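Student: give me coordinates for this.
(4 chains)
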2 protein chains.
Amino acid sequence: MMNISEFAQIAGVSKSAVSRYFNDGYLSEDKRERIEAAIAQTGYAPNIAARAVRTRVTKLVGVILPKLSSESCARVTEGISEVLNREGYKILLINTANDAHQEIESLELLRQNRVDGIILLATVFTDLHKSVLSKVRVPIVLVGQQLKGFNCICHNDEEVAYTLTRRMLQNGAKHPALIGVLQEDRAAGAARRAGFEKALEEFGMTCDPRMMETAQFTMDSGYDCMRRIVSRRQIPDAVFCATDDIAAGAMLCLRENGLRVPEDVMVCGVGDSKIARILYTPLTTARLHHKTAGIEAANMLLSAIRSKSVVPRSLQLGYDVIERQSTQQTELKYETV
Amino acid sequence: MMNISEFAQIAGVSKSAVSRYFNDGYLSEDKRERIEAAIAQTGYAPNIAARAVRTRVTKLVGVILPKLSSESCARVTEGISEVLNREGYKILLINTANDAHQEIESLELLRQNRVDGIILLATVFTDLHKSVLSKVRVPIVLVGQQLKGFNCICHNDEEVAYTLTRRMLQNGAKHPALIGVLQEDRAAGAARRAGFEKALEEFGMTCDPRMMETAQFTMDSGYDCMRRIVSRRQIPDAVFCATDDIAAGAMLCLRENGLRVPEDVMVCGVGDSKIARILYTPLTTARLHHKTAGIEAANMLLSAIRSKSVVPRSLQLGYDVIERQSTQQTELKYETV
DNA sequence: CTGAAAGCGCTAACAA
DNA sequence: TTGTTAGCGCTTTCAG
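Tutor: Okay, here's the model as predicted:
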């Protein structure tokens, strides 16, 4: 592939003219035309890496995520991609496969690649994370988790869980259970559990530890947790699940055990994923606006890159409760739809 | 951030020594240690862009895909990421949002970025595509579609559709319908339809055009297509759907119309996505090994990059039929599980 | 095994 | 407005 000198020669102009054509464009019409003609003829395109060396700007944003084949991550990334693409930035994608170790390494990789900024779809923060993160010298935005001193886009996980749980209690649940995720995940784990407990407290209840299970972010894991609960012979009449996938697994297990949703057990999830709508019993859940989160994260990052502003900002997104059949009140038949 | 000269000075060695440390490692133990100590002290890491300018190797692979929030694309990308990551290559991700125009532009973008290779999760090939693709000067692998003269990883779409359809006919279906996708998609569109028709032919049937609909790749679209079929008052007793999402929409519509699956209408999809397992009636489908496709695509690309071999190779992956309840024979009750 | 020096392709002063 | 020139940070001969 040709370089700028050779191309300039073909176009019959100087290197600077070519450079100006692709940058500020401080150029006479004559030269502009000759350059355009030469491009059409040769297909010349400037070498981005060389430009990056010179300008110290890569127009590259690193996106670190734990898992692509999770609907929420994919949607966030679509949002990110949409605005970055439009603004002429490219995405260096790093899938850590849920490996905290890789997450740390990624940061190093991105540093070597001199990305202009980083978006981290975060899960768990260890002390190591915090220490490495605070050493990063480019703007960074965290999505899905809140960490003091950093730019964040997050959801109101506690309120979401609180609202959904309360809904089930209002609809008559007396023995609620929780299938959450690990507490180290401050958002999907700790906060959602806190919301669950807050609702219980409001109704003067406390949750039996045997009614609380911790799942992975998968259907299978939700299934296993539900089976563990059911095996204890004290069947709950409502289950709050930290994600829709977990809820789907839980429902599968309930069905296998001859328990009807919502007649015997109410179930709800979080995320409004595709599956929620089409489950055996349509699932009550909360829409979390993942794509919007991605869009806002990218916007926040760009403005940080451009303004060099150092004041960390934190944006909490709203949510919508989607009430479906899985949490309907069924004792008073005339109230069901 | 420091450069190699400054760092070499701190370490008390020459630039060349530092470079050798990070590359071939033709170096005395003494210098090696001093360099390592200096790294620990300063956190120096070489600038990848400068290296790329010099070596003309970016260790960057462009991945172009139509849509991230599609389970199949996400899984392919996970496979790609897994091997590329391991081999020290990075992913430049481009989400075209199903826009053929953007797909073309992406190729240009990747050229400017001097990626070492390209993986294209392909959908539709226009003549423009072919012409642009043949101008690409780096190795390229197509996933999901077959195109003569290019490296491809693809599925046996026709056989998949044939096998699934035949299964429904064997189970007693007499009036099969098809909800496919546009024919321009040679794989998911044309080939799957061909397989469907081949099975019908084998059973001495032809398909009434009113029993064939073309959907987008979404649940909603599957729903709409099914509604159109149902509205014609000639209800099929089996529906082959080109994807699981489409099948899910179709089943939703059937249920709303009081039609039972599989008793009144059998349904099957393709892809073995998460939803298939947990639908109202568990869906018969075919597992397509998307992640494997990604892994193989990345391996194929790497070997092309390394060997500079120019002979295009084409790899067709196998599939597994997952027979679930949605296509069960129901007239002979004792044969159902 | 080592260091000096040339140069990858580009941009940005600077002087014209 | 333009062209010349000096680097950006790195690798890689080449001569020692």
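Student: contacting residues for the nearest residue to residue A:232 once chain neighbours are set aside?
Tutor: The shortest distance from residue A:232 to any non-neighbouring residue, by CB to CB, 6 or more residues apart in numbering or on different chains, is to residue A:210 (5.4 Å). Yep, even glycine has a C-beta here, placed from its N, CA and C like the rest. Counting by CB atoms under 8 Å, 6 or more residues apart in numbering or on different chains, residue A:210 makes contact with A:229, A:232, A:234.
Student: by neighbour count, which of these wins?
Tutor: Each of these was scored for neighbours by other CB atoms under 10 Å in any protein chain shown, and residue A:229 scores highest at 24 neighbours.
Student: correct me if wrong: that residue contacts residue A:213.
Tutor: Yes. Counting by CB atoms under 8 Å, residue A:229 touches residue A:213, with 6.1 Å between them.
Student: which residues do those two both contact?
Tutor: A:177, A:179.
Student: now the residue in the stretch 151-300 of chain A positioned nearest to DNA strand C: which helix or strand?
Tutor: Closest approach between the stretch 151-300 of chain A and DNA strand C, counting by CB to the nearest atom of the strand: residue A:298, at 23.8 Å. In this assignment (DSSP states H and E), residue A:298 forms part of helix A:290-307.
Student: just the C-alpha atoms of that helix, please, in CSV.
Tutor: This file holds the C-alpha atoms of helix A:290-307, laid out as CSV (Å, rounded to 0.1, in the frame of the first residue of the first chain):
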residue,chain,number,x,y,z
HIS,A,290,-29.6,-1.0,28.2
LYS,A,291,-29.1,0.5,24.8
THR,A,292,-29.7,4.0,26.3
ALA,A,293,-27.1,3.2,28.9
GLY,A,294,-24.6,2.5,26.1
ILE,A,295,-25.5,5.6,24.2
GLU,A,296,-25.1,7.7,27.4
ALA,A,297,-21.9,6.0,28.3
ALA,A,298,-20.4,6.8,24.9
ASN,A,299,-21.6,10.4,25.0
MET,A,300,-20.2,10.8,28.5
LEU,A,301,-16.9,9.4,27.4
LEU,A,302,-16.7,11.6,24.3
SER,A,303,-17.3,14.7,26.3
ALA,A,304,-14.7,13.7,28.8
ILE,A,305,-12.2,13.0,26.0
ARG,A,306,-13.0,16.4,24.4
SER,A,307,-13.3,18.6,27.3
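Student: hmm, who's touching it?
Tutor: Contacts for helix A:290-307 (CB under 8 Å, 6+ apart): A:61, A:71-73, A:75-84, A:87, A:89, A:116-119, A:138-141, A:143-144, A:151, A:153, A:155, A:309, A:313, A:315, A:317.
Student: from these, which land in helices?
Tutor: A:71-73, A:75-84 (DSSP state H).
Student: same list (these) but as JSON lines, adding distance to residue A:197.
Tutor: Output for these, formatted as JSON lines (distance: CB to CB, whole Å):
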{"residue": "A:71", "distance to residue A:197": "27"}
{"residue": "A:72", "distance to residue A:197": "23"}
{"residue": "A:73", "distance to residue A:197": "27"}
{"residue": "A:75", "distance to residue A:197": "28"}
{"residue": "A:76", "distance to residue A:197": "27"}
{"residue": "A:77", "distance to residue A:197": "32"}
{"residue": "A:78", "distance to residue A:197": "34"}
{"residue": "A:79", "distance to residue A:197": "31"}
{"residue": "A:80", "distance to residue A:197": "33"}
{"residue": "A:81", "distance to residue A:197": "37"}
{"residue": "A:82", "distance to residue A:197": "37"}
{"residue": "A:83", "distance to residue A:197": "37"}
{"residue": "A:84", "distance to residue A:197": "39"}
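Student: quick check, nearest of these to DNA strand C?
Tutor: Nearest member of the ones in helices among the contacts of helix A:290-307 to DNA strand C, counting by CB to the nearest atom of the strand, is residue A:84, at 19.9 Å.
Student: what residues does chain A have near DNA strand C?
Tutor: A:1, A:3-5, A:7, A:15-16, A:18-19, A:22-23, A:46-47, A:50-51, A:53-55 (CB under 7 Å from any atom of the strand).
Student: if we go to 6 Å?
Tutor: Counting by CB under 6 Å from any atom of the strand, chain A comes close to DNA strand C at A:3-4, A:15-16, A:19, A:22-23, A:46-47, A:50-51, A:53-55.
Student: what is the burial count for the residue lying closest to residue A:37 once chain neighbours are set aside?
Tutor: Of all residues not flanking residue A:37 in the chain, residue A:11 sits nearest, at 7.4 Å (CB to CB, 6+ apart). Counted with other CB under 10 Å, the neighbours of residue A:11 add up to 22.
Student: which residues sit in contact with residue A:11?
Tutor: The contact partners of residue A:11, taken as CB under 8 Å, 6+ apart, are A:17-18, A:34-35, A:37-38.
Student: and stretch A:33-53, end to end?
Tutor: End-to-end distance of stretch A:33-53 (CA to CA, to the nearest Å): 28 Å.
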